[in-house]
Structures are given as structure tokens and as C-alpha cells.
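Sequence and predicted structure are below.
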Protein chains: 2
Amino acid sequence: MQTLTRNQQIVFDIINKSSEPLKAYTILSNVQKKGIKAPPQVYRALDKLIEMGKIHKIESKNAFVACQNSSCNVSKATAFSICESCEEVTEISNSKISKYLSNFAEKAGMEYKKYNLEFFGLCKKCK
Amino acid sequence: MQTLTRNQQIVFDIINKSSEPLKAYTILSNVQKKGIKAPPQVYRALDKLIEMGKIHKIESKNAFVACQNSSCNVSKATAFSICESCEEVTEISNSKISKYLSNFAEKAGMEYKKYNLEFFGLCKKCK
DNA sequence: TTACATAATGTTATTTTATAACAATAAACT
DNA sequence: AGTTTATTGTTATAAAATAACATTATGTAA
């Protein structure tokens, strides 16, 4: 269990407290009072947090969320559902999907390291 | 079967001829001799081509590829394998995955419109 | 402790990716 | 023909990400 550096902790806290995915520049503007002044400081923290599996990047939105799956310390299998109406993003932690897709990748002859899956549609509330 | 406008055709042709995913500004620099001069012209064509299912965006790379699946004219289910060594991107058209994931989305209570799946690892050649 | 290596931070400037806004044409419809 | 709608052209700007380099902190080994 790796401990976070000062900047990593600051960036993680704000992502973890948020109910929605945060963009890098939103994070930046929210941590400037804590002494983080420039984009590279944020991006470096984000990169490390992703490596550790503490956060994930939602590629289709260029935004970041805290990992909901406590056991996931290296994020090699991520899946999200994204509501196109309310923009809600939910992490899907379904071991069946994970097994199914891992298995598929192996059969396809690929030496698989990770995958990312993003579902788009309407969530329960919005449909 | 929708016909393409002039700019859409130009942009599609260059993506379709390419053996690798192309970035928007690479496309732009390659079509300037054909009269397309500015980013919005490229991005507008890209947006329409995506809507039609003629191309897909590789979200993790901000790059665009022609759809390999002739039957796919609305791209509601896309999957790619991405080699982290040679950068090769291959579209996966596997109806089993598609059925499996569609089914999963419905069970999860989501009104699902589309998904995008990206595998990362080493391709057959590179592993 | 000191010396060295490695990781993290601070800072400025720039690159890359994407869109806003508005004017001008072209195509489709009645 | 006249009207609506889609597409194009153009300029400027916004948003997202990184390059490059100086500085400070942390870990480690003699």
C-alpha cells in the first residue's frame, strides 16, 4: 500500500470527494488555494494516481473519477456506464465481464494488459 | 445509404486509405492541398462520418479509423485492440462480445445506446 | 554524516486538440 | 422562385496536455 505524496493526496482528495468526474483544469482551479499552481503539477499527480489504480480516466470525457472498487490497486480492467442525459458516470465492477473479456483477449492472440469499456445511454433515473 | 458531401468524402478517403489511426490535425495537413484549410472543416466532417458509422474515434488516442465492419452503418458497438508497442489498432467485430455486452447493459437497468471497448497490450507480432 | 541517486515539485512556455461564432454557399423542399 | 435547412469558409479562441529545465525533497549506501 503506497502512500501518497502531498500533491497526489490533494488531487486525490478532491476527485474522491466529487460526485462526478472532474476535468484536469477544474481540479487545478480547485486546488490553487492549496499551492498547486500549474497544469503539470496536476497532470503529474493524475498520472501517478492512475498508475496506482486510485483513479480512472473517462476517456470519452477527459475526466477523472476515484476508483470505486477497493480491491483494484492496479487498474487493468475498467468499465463505466455514462448517462448521456444527466452525465452521471458509474463504475461497473462486474467480475463476469472482466473474466469474459480477459478470456476473449487471450483467445484473440493478444498479450493483454488492460481494457477500458464505456457504455453510453440513459441511466435508471433518466430513462 | 447516405452519400457523402465533398468534404466528408475527402476526409473519409484519407482515413480509409491509412493503415493506422489518423489524428485530426494530421488529416488537416494532408487535405490542405484539396482546399480544406481550417480545423472546423475537418472536425465537422469527422463528426458526420462518426454519426454515419463510417469511421470510429479511438478515444484513448484521439485518432480516427475507418470502420472495418461493412454491416455497421450506425456505430453503436465498437471494440478495438491497441498494441502498446507498434501502436497497431485493430477493430474487433465479434458478435458474441456485442451480444454479451448489450445483454449486460440491459440487465443493469440502463437504456443502452452504444458502447466502446478498448483493449491494450501486445499484438501477435510484438509479443 | 556526507555523498550520490532518484523521485517529486515548481515554473514558464508551448503544443495539441477541439469548438464558438458568424458570414457565405449550396441543396432540398413547397 | 422563394424559403428552409445543411454544409462550407473563416477567424479567433478555448480546452487539454506536455516539453523543458531549475529546484527541492527523499531514500540509500559508504
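It's in.

how is chain A carved up into domains?
A:6-66, A:77-121 (automatic domain parsing).

which element is the residue most central in space within chain A on?
Centroid-nearest residue in chain A, with Cα atoms, centre = their mean: A:H56, separated by 1.5 Å. Here A:H56 sits within strand A:55-58, counting by DSSP states H and E.

Now find how far off-centre that strand is within its chain.
Offset of strand A:55-58 from its chain centre (Cα atoms, centre = their mean, to the nearest Å): 2 Å.

Neighbouring strands of that strand in the sheet, and parallel or not?
With DSSP bridges as the test, strand A:55-58 is paired with strand A:63-66 (antiparallel).

And the contacts of the strand it pairs with?
Applying Cβ atoms under 8 Å, 6 or more residues apart in numbering or on different chains, the external contacts of strand A:63-66 come out as A:12, A:15-16, A:18, A:20-24, A:27, A:46, A:49-50, A:54-58, A:80, A:89, A:91. C-beta: built from backbone N, CA, C; applies to glycine.

Would the strand holding A:H56 count as contacting DNA strand C?
No - using Cβ under 7 Å from any atom of the strand, we find that strand A:55-58 stays clear of DNA strand C, coming within 13.5 Å at best.

How about stretch A:87-99?
No - figure legend: stretch A:87-99 not in contact with DNA strand C (Cβ under 7 Å from any atom of the strand); closest approach 14.4 Å.

and A:P21, what does it touch?
Per Cβ under 8 Å, 6+ apart, neighbours of A:P21: A:I58, A:K61, A:A63, A:F64, A:V65, A:V89.

Find the nearest non-adjacent residue to it, please.
Nearest non-adjacent residue to A:P21, counting by Cβ to Cβ, 6 or more residues apart in numbering or on different chains: A:A63, 3.4 Å away.

And A:K76, by the same measure?
Nearest residue to A:K76, sequence neighbours excluded (Cβ to Cβ, 6+ apart): A:K114, at 4.0 Å.

hang on, isn't the one you found packed against B:E118?
No - assessed by Cβ atoms under 8 Å, A:K114 is found out of contact with B:E118, at 9.1 Å.

how big is the angle separating the helix or strand of chain A with the lowest mean pLDDT from helix B:95-107?
For chain A, the helix or strand with the lowest mean confidence is helix A:95-107, at a mean of 86 (criterion: mean pLDDT, DSSP states H and E). Angle, helix A:95-107 to helix B:95-107, by axes from the mean of the first three to the mean of the last three Cα atoms, to 10 degrees: 170 degrees.

for the helix or strand containing A:T90, packing partners?
Counting by DSSP H and E, the element that carries A:T90 is strand A:89-91. Using 3 or more Cβ pairs under 8 Å, 6 or more residues apart in numbering or on different chains; DSSP states H and E as the contact test, the elements touching strand A:89-91 are strand A:63-66, strand A:77-83.
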